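Peer 1: With the sequence up front, the predicted model follows.
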Amino acid sequence: QLRLVESGGGLVQSGGSLRLSCTVSGFTMEHLSMGWFRQVPGSQREGVSCIANTDERPYYADSVKDRFTVSRDTTRSTVYLQMNDLKPEDTALYFCASDVYCTEHTLEPNLRFTSWGQGTQVTVSS
């Protein structure tokens with residue numbers, strides 16, 4: 001059974017950095033396009049970044065471009081989200097998702113196949 005476990009969230013001051021990790025078990029990650037989403041209570045879920053299982057360039061939401069970097073280590077079955085120059089508006093619950101539809105310009109969950117982690121909280125203080 002596919003399982004995703006996120007870690008790395010926490011409280012950081014504005015301008016600081018965090019690295020989120022998402023470890024995949026129960027499936028070979030190299031066959032999966034992986035995504036990161038975030039959600040604030042009362043708001044819709046937002047696609048942040050994704051990395052495809054092809055040579056396609058990663059996707060970044062405009063709000064995080066040039067600050068966040070997504071990467072994957074298939075030997076560790078882990079996908080990362082390096083977040084630099086964090087801002088208070090980055091505060092959210094961050095979710096890892098597998099088997100997403102990912103291109104350089106698009107990130108969408110696949111309603112039939114996407115699996116989700118439990119989320120990790122990121123809080124940025126001003």
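Peer 2: Noted; the coordinates are in hand.

Peer 1: how about Glu30, secondary structure?
Peer 2: helix (DSSP: H, G, I helix; E, B strand; the rest coil).

Peer 1: distance of the most far-flung residue of the chain relative to its centre from Ser43?
Peer 2: Distance from the centre of the chain peaks at Ser126, with 22.7 Å (Cα atoms, centre = their mean). Applying Cβ to Cβ, to the nearest Å, the value for Ser126 to Ser43 is 19 Å. Yep, even glycine has a C-beta here, placed from its N, CA and C like the rest.

Peer 1: what residue is smack in the middle of this protein?
Peer 2: Trp36 (2.1 Å).

Peer 1: How about the contacts made by Val100?
Peer 2: 33-35, 50, 107-110, 114 (Cβ atoms under 8 Å, 6 or more residues apart in numbering).

Peer 1: between those residues, which is nearest Thr23?
Peer 2: Nearest to Thr23 among the contacts of Val100, counting by Cβ to Cβ, is Met34 at 11.0 Å.

Peer 1: If the closest one is in a bridge, with which residues?
Peer 2: Assessed by DSSP bridges, Met34 has beta-bridge partners Ile51, Ser98.

Peer 1: If I look at the residue farthest from the centre of the chain, what pLDDT would I see?
Peer 2: Looking at Ser126, its pLDDT reads 93.

Peer 1: Not counting sequence-adjacent ones, nearest residue to it?
Peer 2: Leaving out its chain neighbours, the residue that sits closest to Ser126 by Cβ to Cβ, 6 or more residues apart in numbering is Pro88, at 4.8 Å.

Peer 1: Contact partners for the one you found?
Peer 2: Contacts of Pro88 by Cβ under 8 Å, 6+ apart are 14, 124-126.

Peer 1: What of Ser21?
Peer 2: Per Cβ under 8 Å, 6+ apart, neighbours of Ser21: 6-8, 78-80.

Peer 1: same thing but 6 Å
Peer 2: 7-8, 78, 80 (Cβ atoms under 6 Å, 6 or more residues apart in numbering).

Peer 1: and if you look at Thr28?
Peer 2: Going by Cβ under 6 Å, 6+ apart, Thr28 touches no other residue.
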